[in-house]
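Visitor: When you get a sec, could you give me coordinates for this:
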Amino acid sequence: MTANLRGATNVDSGHDHRVRIVIVAVTALLVLGTLVILVFSVLQRRQEILSATEGTAQNLARVIEEQTKGSLAAVEAALTATATTIRLLPARSATRQADIHGLLVENVRKLPFLRAIWILDARGDMIHDSESLPGRYNLSDREYFRVHRDNPEYGLYVDRPVRSRLGVWFIGISRRIDNPDGSFAGVIVAALEPKYLQRFYESIDVGKEGAVALMQPDGTLMVRAPAAEDRIGQKLDPVPAYVGNLPHAASGGGRALSAVDGVARIYAYRHVEGKPLVLLVGLGEAESLAGWRAIARANVLASLAFVFIISWLGFLVLRELHSRSALSRTLALDIAARKQTEALLEGQRRALELVALGAPLQQTLHLLVRIVEEQAPEMLGSVLLLDADGIHLRHGAAPSLPKRFTRAIDGEAIGEGAGSCGAAAFRREPVVVENIATDPLWKDYRELAAAHELRACWSTPIFDAERRVLGTFAFYFRAPSRPSERHRALIAMATYVAAIAITKSLEEARLRDLLLRMRELSRRLLEVEETERRSINRELHDRIGQNLSMLNLNLNMIRSGLSTNPPAAQGGRIAEAQKLLESTIMQVRDVMAELHPPALEDFGLLAALCAHAESFGARAGMPIVVHGEEFVPRLSPAVEISLFRIAQEALANAAKHAHAKRVEVTLTNTSERVTLTIADDGTGFDAARLGVASWGITIMRERAEAARATLCIESAPGRGTRVVVEAVREAA
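Guide: Got it, this is the predicted structure:
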């Protein structure tokens, strides 16, 4: 049957295979060509737009440069003409001062972008001013004054923007004034309004993200639109790229991020001819490419649609070819697969029937392994059961494996390096060993497997409904092998049925054990109830009855001696009766507290533990220290009373059996758990030998189970005892 199935998979002819290759190749070439053309055209169009944007920026920079040159030329002409005219005016004319002032005012009026013109003498004192500012000013500390004073040949000087002493921004444009003998006579200065240039720059359409700026060659910002007054007069950081190109390249451009607002722009710069100024025009890159992006998106979508159509058509053709080939394979495999499925279902039904009838576990597992081996004769099945200790694997069923091999691995511990089954149970996941001879998991069992000609082993853990490991289902092979889909299906079925059988067997064993325990517990509960009744009766008689009898006797003596005894004796009798009465009251309270502590109900667990520790410690002569803090919100009443009773029992054991000298009770809590610890320094015992015979510990365990808590007892002879109870943190 296996050979026929393999032959059925070769129905597809070589012609179909070649056709598939041609279709895939043509489709791939069309898709690749489309994508290459798309990328090339989109990038080329982007570069064209960026080049056009840079050209536009260059044209705008050229226009603005011409305007800036014209404005500076007008200022230079006005300053030169003014200096010449002043030199020609009669030095002793009575109207000289008024004439000079009028000349300055007239020049300011003619050049609206000037704020003022003033003249400084050789000491830097302002001697003429178009604004007639009040007071006297000495500007010898200004850069424009020092430049002309120290450099007689310096022409027109354009200073960086400065704020005047009146708080007004201006750009100083100055020329030197010489005496007839060529000595330094002073400086004539024109204050250029930066806002004038800013308004002009803002009138130029550079888009929403564009910018125009006037700078000095070292990157100092003089005027900018949009405005950036906080950066005026400062060097930009980072310094613009064109600074490194000056003075070799008087103009240029490129892409850069703005040092002012961080916007990416296409820049063009021009060095204003003959002046220490640079004109910078930047057009927003994102804004310039907005139209390109829309076109690019449309091209990408169209190309992707074309690619999708081509790919889809190729897929349809391939699918049709595949369907034609698969149809023949399906027809060939259908009958064999159906027969195999029917046989597998029949075997599964037989195994489940044995489980339902309560057959012995080994018989059911034996049948299950045989069913799997019938479906896949190359496999040798084996079932190992996890021992109650959760560490060792025991033989369950292996009808086809050598007996010597199964006996050798019976009882081996799980873990890494413990073969496929030991590792699968330890990891809680399937373990596939394709070659035992080379796999490190089999280093300790390699020779054993080789002696029985076992070359491969796949093992799958068997889980119950709560994902607890019950055992392993293993399959051995005489040659190195790896699982197929058919193998995986068989393994899934086998582990499923095995889990049902093992779980049912364990549940039946647990029920039998539980029935025995319930019977024993019922007997013990009756004994406890009778013991408690006798204890309460004895306590009431021994403590309260005797005191009440003495009280009655004393009262009788007082009554019979009222007429004969002196008053002092009567007083003593009455006092003694009162003491007995107080003692009786205290003892009644102790008994009531042991039956149900009032502090637990009124104040909480910590208060009840403190009260019990104080009274019990006083009676037992044993110091008891309580640590902790009260819970907010409080625990549920069931949990509080269970923890309190466990503490009572532990303290009683410490005093009665351990003969402890000191006990510490610690109560801690987190947002999720509450922990009660009772630790004593008594004689201790062997905790490993605890059993049902220890009645006090059994009571504590049942109390812990009632509160859904965990109880841990740590003790060793001569090292004291430590009882730890952990409960889930639940509000009352």
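Visitor: Lowest-scoring secondary structure element of this structure by mean pLDDT?
Guide: For the chain, using mean pLDDT, DSSP states H and E, the weakest element among its helices and strands is helix 2-8, scoring a mean of 40.
Visitor: Quick one: name whatever helix or strand follows that helix.
Guide: helix 14-88 (DSSP states H and E).
Visitor: Give me the contacts around the helix or strand just after that following helix.
Guide: Remark: after helix 14-88, the chain's next helix or strand is helix 96-110, criterion DSSP H and E. With CB atoms under 8 Å, 6 or more residues apart in numbering as the test, helix 96-110 has contacts from 78, 81-82, 85-86, 89-90, 93, 114-119, 128-130, 132. Where C-beta positions appear, they are placed from N, C-alpha and C, glycine not excepted.
Visitor: Please type out the ChimeraX selection for whichever of the residues you listed turn out to be buried.
Guide: In ChimeraX, a selection of the buried entries from those looks like this (16 or more other CB atoms under 10 Å):
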select :78,82,86,114,115,116,117,118,119,128,129,130
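Visitor: Confirm that Met126 sits in a helix.
Guide: No. Counting by DSSP: H, G, I helix; E, B strand; the rest coil, one finds Met126 to be strand, located in no helix.
Visitor: Next, the residue lying closest to it once chain neighbours are set aside: phi, psi?
Guide: Nearest-residue entry for Met126: Tyr137, 4.3 Å, with adjacent residues in sequence omitted and distances by CB to CB, 6 or more residues apart in numbering. With angles defined as degrees, to the nearest 10, Tyr137 sits at phi -130, psi 140.
Visitor: Repeat that for Leu214.
Guide: phi -110, psi 130.
Visitor: next one: Leu236
Guide: Main-chain torsions, Leu236, degrees, to the nearest 10: phi -70, psi 140.
Visitor: give me the number of residues near the nearest residue to it once chain neighbours are set aside?
Guide: Distances taken as CB to CB, 6+ apart place Ala259 nearest to Leu236, at 4.0 Å, with adjacent residues excluded. By the criterion of other CB atoms under 10 Å, Ala259 has 16 neighbours.
Visitor: Ala259 falls within a strand, correct?
Guide: No. Looking at Ala259 with three-state DSSP, it is coil, so not inside a strand.
Visitor: who's in contact with it?
Guide: By CB under 8 Å, 6+ apart, the neighbours of Ala259 are 236-240.
Visitor: still on that earlier bit, from what I see, the residue nearest to Met126 and Arg123 are in contact.
Guide: No. Applying CB atoms under 8 Å, one finds Tyr137 not in contact with Arg123, separated by 11.6 Å.
Visitor: So which of the two has more stuff around it?
Guide: Shown here are Tyr137 and Arg123; by other CB under 10 Å, Tyr137 has more neighbours (16 against 12).
Visitor: Let me know the distance separating that one from Asp125.
Guide: Here the criterion is CB to CB, to the nearest Å. By it, Tyr137 lies 7 Å from Asp125.
Visitor: Could you do Leu384 as well?
Guide: Using CB to CB, we find Leu384 at a distance of 111 Å from Asp125.
Visitor: Give me the more crowded residue out of the two.
Guide: Ranked by neighbour count (other CB under 10 Å), Leu384 and Asp125 place Leu384 first, with 30 against 14.
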